[in-house]
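Novice: quick one, structure for this:
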Amino acid sequence: MAIVIKRVDPAALNLKENVVAINRVTKVVKGGKNMSFSALVVVGDPAARVVGFGVGKAKEVPSAIRKGIEAAKKNLRRVHLLDNTIPHQVLGKFGAGLVMLKPAQDGTGVIAGGPVRAVVQACGIPNVLTKSIGSHNPHNVVKATINALEQLRDRAAVMEMRGLSPDRAHEKVQG
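Specialist: Residues are numbered from 1 along each chain as shown. The predicted structure follows:
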């Protein structure tokens with residue numbers, strides 16, 4: 001089953017930016033070393049349940065962050081949630097990074113660290129339990145978290161996949 005990602009228009013949203021990681025990178029050339037900065041940025045609108053990430057690279061930190069924000073705005077996706085948490089447990093993978101997201105009761109808050117917290121707060125999930133397994137590389141962890149959020153399905157989508165109509169959900173299927 002292919003997952004279809006619909007484009008989200010960033011102009012209509014109230015996006016908040018969060019810089020997850022800044023890395024100084026060097027390229028060795030004939031004349032010496034060329035230094036530049038790489039920035040991993042997460043943007044999201046908690047009210048609209050939208051999140052995206054981007055990477056920017058430039059000679060100075062502010063312009064790297066600006067490029068990361070522009071890349072993240074082109075990479076926005078909508079997240080399906082229940083009222084105050086996620087609908088079900090999911091495991092997101094990217095490279096060696098694994099991120100597990102579990103639903104939590106009201107009042108739990110965001111139990112997450114570093115890059116996972118940045119993504120979860122950017123898309124506005126108030127209560128969630130997370131565990132980052134495997135790679136601690138911020139790029140892989142952010143991509144694994146977004147992969148997990150893309151796997152979330154709302155009730156109507158699951159009913160449609162199973163061939164049930166929402167008004168007949170309580171009836172047993174005769175086989």
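Novice: which SSE is immediately downstream of the helix or strand hosting V141?
Specialist: Here V141, judged by DSSP states H and E, is contained in helix 138-150. Counting by DSSP H and E, the next helix or strand C-terminal to helix 138-150 is helix 155-161.
Novice: mind giving me the packing neighbours of that following helix?
Specialist: Packing partners of helix 155-161 (3 or more C-beta pairs under 8 Å, 6 or more residues apart in numbering; DSSP states H and E): none among the helices and strands. C-beta here means a position set from N, CA and C on the backbone, and glycine is covered the same way.
Novice: circling back: for the helix holding V141, packing partners?
Specialist: Against helix 138-150 (3+ C-beta pairs under 8 Å, 6+ apart) you get strand 16-29, strand 32-45, strand 50-58, strand 77-78, strand 90-94, strand 97-103, helix 114-122, strand 128-134.
Novice: contact partners of whichever helix or strand comes after the third one?
Specialist: Right, strand 50-58. Counting by DSSP H and E, the next helix or strand C-terminal to strand 50-58 is helix 61-73. Under the contact criterion C-beta atoms under 8 Å, 6 or more residues apart in numbering, helix 61-73 has outside partners 10, 15, 17, 19, 22, 36-43, 52-58.
Novice: what's the local residue count around H136?
Specialist: 13 (other C-beta atoms under 10 Å).
Novice: what do you get for V110?
Specialist: 16.
Novice: what about the spatially closest residue to it that is not a sequence neighbour, how many neighbours?
Specialist: Counting by C-beta to C-beta, 6 or more residues apart in numbering, the nearest residue to V110 once its immediate chain neighbours are dropped is V120, at 5.4 Å. V120 is flanked by 27 other residues according to other C-beta under 10 Å.
Novice: ok, so what distance separates T130 from L76?
Specialist: Using C-beta to C-beta, to the nearest Å, we find T130 at a distance of 21 Å from L76.
Novice: show me the contacts for the residue sitting nearest the centre point of the chain.
Specialist: With distances taken as C-alpha atoms, centre = their mean, I146 lies nearest the centre of the chain, 3.0 Å away. Under the criterion of C-beta under 8 Å, 6+ apart, the contact list for I146 reads 51-53, 77, 92, 119.
Novice: and the closest residue to G92 other than its chain neighbours, how many residues sit next to it?
Specialist: Spatial nearest neighbour of G92, chain neighbours left out: A148 (2.7 Å); criterion: C-beta to C-beta, 6+ apart. When neighbours are counted by other C-beta under 10 Å, A148 registers 25.
Novice: read off the pLDDT value for A148.
Specialist: In this model, A148 is scored at 95, pLDDT.
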